[in-house]
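1. What follows is a protein structure lacking sequence information:
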């Protein structure tokens with residue numbers, strides 16, 4: 001990702017060769033969303049593939065080149081979640097917590113700082129857009145956001161951020177997985193409470 005200063009302003013985007021953002025529609029957005037393709041105008045661009053039986057290893061594959069651009073390894077019980085990018089950080093695995101760190105915003109809500117090779121960025125929950133990615137120093141500038149308008153579930157990415165799709169898709173996969181797991185656990189709590197009455 002590039003620092004905010006290198007992105008054209010909104011007025012520049014409007015006046016000079018405006019290209020609409022990329023909309024990555026998840027082919028399957030239900031329970032099996034970690035095994036799905038991401039389609040741009042109906043054409044498969046990327047694939048999320050959970051490759052092991054325990055569902056601890058997810059690969060992000062660029063289907064245009066068949067390259068595994070990122071791998072997410074979740075620990076089975078204890079240990080650190082790790083990420084590996086084929087073209088970043090020397091191709092070495094790094095702790096997820098070194099790459100993306102959770103913080104609390106002044107309003108008490110969580111956010112995640114991405115320590116990219118090209119700058120610092122922030123993912124945060126958003127009431128209207130579910131999840132938003134911005135440069136850390138320009139929180140009003142949306143680089144990516146989720147479009148959740150059933151039946152469409154998509155990650156929308158500004159063209160100016162296209163060179164960082166590996167990190168954007170990886171951050172999205174980690175945080176979306178976390179959100180779904182939290183909802184699942186919360187749902188079980190409610191179901192257990194109702195069942196226990």
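-> Looks like it arrived, so ask away. Just so it is clear, the structure is predicted and the values come from calculations on it, not from any experiment.

2. what are the ranges of the helices in the protein?
-> 10-15, 96-99, 165-195 (DSSP state H).

3. Could you check how far the nearest residue to residue 101 once chain neighbours are set aside is from residue 169?
-> Taking Cβ to Cβ, 6 or more residues apart in numbering, and ignoring the residues beside it in sequence, residue 101 has residue 113 as its nearest neighbour in space, at 5.0 Å. For the C-beta atoms, the positions are set from N, CA and C on the backbone; glycine is no exception. Noted for residue 113: a distance of 18 Å to residue 169, by Cβ to Cβ, to the nearest Å.

4. ok, now residue 182?
-> Distance of residue 182 to residue 169, computed by Cβ to Cβ: 20 Å.

5. So for those two, which sits in the more crowded spot?
-> The residue with more neighbours, out of residue 182 and residue 169, is residue 169; 22 against 10, by other Cβ atoms under 10 Å.

6. Let me see the contact set for that one.
-> Taking Cβ atoms under 8 Å, 6 or more residues apart in numbering, we find residue 169 in contact with 24, 38, 46, 48, 60, 69-70, 155.

7. try 7 Å
-> Shown in contact with residue 169 (Cβ atoms under 7 Å, 6 or more residues apart in numbering): 46, 60.

8. doesn't residue 168 make contact with residue 157?
-> Yes: look at residue 157 against residue 168 with Cβ atoms under 7 Å: they come within range, at 5.8 Å.

9. Identify the contacts common to these two.
-> Common neighbours of residue 157 and residue 168 (criterion: Cβ under 7 Å, 6+ apart): residue 144.

10. circling back: can you get me a residue count around the residue nearest to residue 101?
-> If you count neighbours by other Cβ under 10 Å, residue 113 ends up with 16.

11. Over to residue 41?
-> Neighbour number of residue 41 under other Cβ under 10 Å is 8.

12. quick one: it from residue 163, how far?
-> For residue 41 relative to residue 163 (Cβ to Cβ), the value is 20 Å.

13. who's in contact with residue 175?
-> 112, 123, 131.

14. Can you tell me which residue is spatially central in the protein?
-> residue 172 (1.0 Å; Cα atoms, centre = their mean).

15. contacting residues around it?
-> Counting by Cβ under 7 Å, 6+ apart, residue 172 has contacts 131, 155.

16. Relative to residue 136, how far out is it?
-> On the measure of Cβ to Cβ, residue 172 and residue 136 end up 17 Å apart.

17. How about residue 56?
-> 30 Å.

18. quick one: buried residues of stretch 40-54?
-> For stretch 40-54, a neighbour-count test (16 or more other Cβ atoms under 10 Å) marks 45-50 as buried.

19. quick one: which of the residues you listed is nearest to residue 87?
-> Checking the buried residues of stretch 40-54 against residue 87 with Cβ to Cβ, the nearest one is residue 46 at 14.5 Å.

20. All the strands of the chain, residue numbers only.
-> Applying DSSP state E to the chain gives strands spanning 22-26, 36-40, 43-50, 57-62, 67-73, 82-85, 93-95, 100-104, 110-116, 119-126, 130-135, 144-149, 152-157.

21. ok now stretch 88-98, how far from the chain's centre?
-> Distance of stretch 88-98 from its chain centroid, counting by Cα atoms, centre = their mean, to the nearest Å, is 16 Å.
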